[in-house]
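[1] Next one to model:
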Amino acid sequence: GSSDPPRPLAPPETVDAWMADSTLIDPGLPVWRRAELWLTLRMLHGLDLEDFLRGASGAYPVVLRAMYNRDWPVLEPLVSEQCLDAMQAT
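    Numbers count the residues shown, from 1 in each chain. Purely as a prediction, here's the structure:
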């Protein structure tokens, strides 16, 4: 067994607020997917979802442009090795 204490969970009130915000979470998600997402977000203690999504929306066009241009050196530090392999295979 591990001697590390269990990681704390994100407060349910925080996750509930994210889930209720239609600018963060698509209200059209099926109920089973919403439940899965709620549990996943709950396990990401310390995550600031709004900040993460702001950063992701800025990173998306950079990654997309680099992928379209097949600029692998730009992508290498931005995506996982598996993601880069999949991009190169397309």
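
[2] Can you mark which positions in the longest helix along the chain are buried?
    The longest helix of the chain (DSSP state H) is helix 49-68. The neighbour-count check on helix 49-68 (16 or more other CB atoms under 10 Å) flags 49, 63, 66, 67 as buried. No exception for glycine: its C-beta is placed from N, CA and C like everyone else's.

[3] same deal with stretch 21-36?
    For stretch 21-36, by 16+ other CB under 10 Å, it's residue 25.

[4] Can you get me the start-to-end distance on that stretch?
    Using CA to CA, to the nearest Å, the span of stretch 21-36 from its first residue to its last is 17 Å.

[5] Residues contacting it, please?
    Residues outside stretch 21-36 that contact it (CB atoms under 8 Å, 6 or more residues apart in numbering): 18, 19, 37, 49, 50, 53.

[6] next helix or strand past the worst-scoring helix or strand of the chain on mean pLDDT?
    Within the chain, no helix or strand scores below helix 49-68, which has a mean of 90 by mean pLDDT, DSSP states H and E. Next helix or strand after helix 49-68 toward the C-terminus (DSSP states H and E): helix 72-75.

[7] and the following helix or strand past that next one, what does it pack onto?
    Following helix 72-75 in sequence order, the next helix or strand is helix 81-89 (DSSP H and E). Helix 81-89 is packed against helix 72-75, with contacts defined by 3 or more CB pairs under 8 Å, 6 or more residues apart in numbering; DSSP states H and E.

[8] re earlier: columns distance to residue 24 on top of the buried residues of helix 49-68, output as JSON lines?
    Putting the buried residues of helix 49-68 into JSON lines (distance: CB to CB, whole Å) gives the following:
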{"residue": "49", "distance to residue 24": "6"}
{"residue": "63", "distance to residue 24": "21"}
{"residue": "66", "distance to residue 24": "26"}
{"residue": "67", "distance to residue 24": "25"}
